[in-house]
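Trainee: just coords:
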């Protein structure tokens, strides 16, 4: 199926009336939903879907790099058309002739969805009435506050990742150039490009406040303005209680707090102030209250968060060395698998803003490298032609740092290779931590990250170690090779 047909089928299965927003990260179509009533098995039947992750109020559909963005665009177009009161059957209908061989026609998909049991019905059907039913519903419907917070953080930072990637890579390349030719430091073009590499940090606080305010339902411009205030250079000219104010105190976390608070105050004011006066009074009162709160609450609290998280992250890696790197590299692949890895982005971003690089990302990046090695061992040992084709098609993007196709198409379905991939990531992570490798960028991984590190060759050596360890572990441990007829494992 082409991108539009995939989007139509996904929306038909999930239900357009149930979707509040469609967007994407590098490899996943992310759908915010009112309730999760579809099953993973239904979505996995759709051609092109490599994996499905379900959280409270959100469905992640793994499609791969490029494909996720294109399908998300089609989803937005279809949802916009459906929202104009057009019959869903006209907007989302997909002729079986267009669906392609091996795909369910839209009527079948719709029938499957209509027969999908609600959570309560599934639980009741499975365990009956009474206390067990209540416990099952509560267990499946609830998520920890920490996980919901990580999801929100991901929503805030995902739009910023392309800027982090571009600026970080440019900074890394300029740094590499100056190591090779120090005399280029006085070149006007090099100076300008170096400035361009740091441009994201000039406006980072404002962007974070903007997206945080948007995430919590407020007016983005207000949140951006309040976060920008906390980093305004003019603060240094103001003396408060005998001490000069510090621009940027509290860093990323103060901006997050300011953006969220702006939305919280604004939305409540709009409910209480008459509409005739709301246009003027709501932004005025919001800005005044948040500005004062920023001075007395957000900057001090953000400073504490920044100092504590930054100190303990750096201290743990520096003092724990290879042991810490081994643990982080070993557990990061499961973190990616459940879709909460973007929750670490504020720590990366805060390190970049305060230290100029993040020493956590090169360690975490080794998880995907271990998976490349494990998958290559699967390719050499397997006799299943479909599995070998899957590995061969997914290895290039895996080496470029996009791990989901290998996770959901190769290692996770086979079981043992997934564990072996984690072992590979652990050994590579130990190497990166021991040598203190840092990255000027975030949002990229694998081989491309080398250009944005403070030591290209040591980083690439860690990549090779992860490849080798993941390969060796998989080769020695082995796996149950699926029979040739098991086309979809």
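Mentor: That came in fine, so what should we check first? Since the structure is predicted, the reported quantities are computational estimates derived from the model, not experimental observations.

Trainee: looking at the protein, which residue reaches furthest from the middle?
Mentor: Relative to the centre of the chain, and counting by CA atoms, centre = their mean, the farthest-placed residue is residue 242 at 42.7 Å.

Trainee: for that residue, give its distance to residue 204.
Mentor: Distance, residue 242 to residue 204, using CB to CB, to the nearest Å: 30 Å. Yep, even glycine has a C-beta here, placed from its N, CA and C like the rest.

Trainee: do the same with residue 24
Mentor: Distance of residue 24 to residue 204, computed by CB to CB: 22 Å.

Trainee: which one of the two is surrounded by more residues?
Mentor: Legend: neighbour count by other CB atoms under 10 Å for residue 24 and residue 204, higher for residue 204 (26 against 22).

Trainee: report pLDDT for the residue farthest from the centre of the chain.
Mentor: Listed pLDDT for residue 242 reads 79.

Trainee: repeat that for residue 42.
Mentor: The per-residue pLDDT reported for residue 42 equals 85.

Trainee: helix or strand: which one has it?
Mentor: Using DSSP states H and E, residue 42 sits in helix 40-44.

Trainee: now that helix: buried residues?
Mentor: Neighbour-count burial for helix 40-44 flags 42-43 (criterion: 16 or more other CB atoms under 10 Å).

Trainee: check which helices and strands that helix sits against.
Mentor: Packing partners of helix 40-44 (3 or more CB pairs under 8 Å, 6 or more residues apart in numbering; DSSP states H and E): helix 3-14, strand 51-55, helix 106-114.

Trainee: average model confidence for the first one?
Mentor: Confidence over helix 3-14, taken as the mean pLDDT, stands at 88.

Trainee: centre-most residue in this structure?
Mentor: Centre-nearest of the chain using CA atoms, centre = their mean is residue 342, 3.9 Å out.

Trainee: next, give phi and psi for residue 203.
Mentor: Here is the backbone geometry of residue 203 (degrees, to the nearest 10): phi -120, psi 10.

Trainee: and it, how many neighbours?
Mentor: For residue 203, the neighbour count with other CB under 10 Å is 15.

Trainee: how near is the residue nearest to the centre of the chain to residue 64?
Mentor: In terms of CB to CB, residue 342 sits 17 Å off from residue 64.

Trainee: now swap in residue 318 and tell me
Mentor: Counting by CB to CB, the gap from residue 318 to residue 64 is 36 Å.

Trainee: tell me which of those two has more neighbours.
Mentor: Using other CB under 10 Å as the criterion, residue 318 and residue 64 rank with residue 64 on top: 22 against 12.

Trainee: hmm, residue 406 and that one touching each other?
Mentor: No. In this structure residue 64 lies outside contact range of residue 406 using CB atoms under 8 Å: 10.4 Å.

Trainee: list the contacts of residue 309.
Mentor: Neighbour list for residue 309: 253, 347, 350 [criterion: CB atoms under 8 Å, 6 or more residues apart in numbering].

Trainee: next, the buried residues of the helix or strand where residue 390 lies.
Mentor: Assigned by DSSP H and E, residue 390 falls within helix 385-399. Going by neighbour count (16+ other CB under 10 Å), the buried part of helix 385-399 is 387-388, 390-391, 394-395, 397-399.
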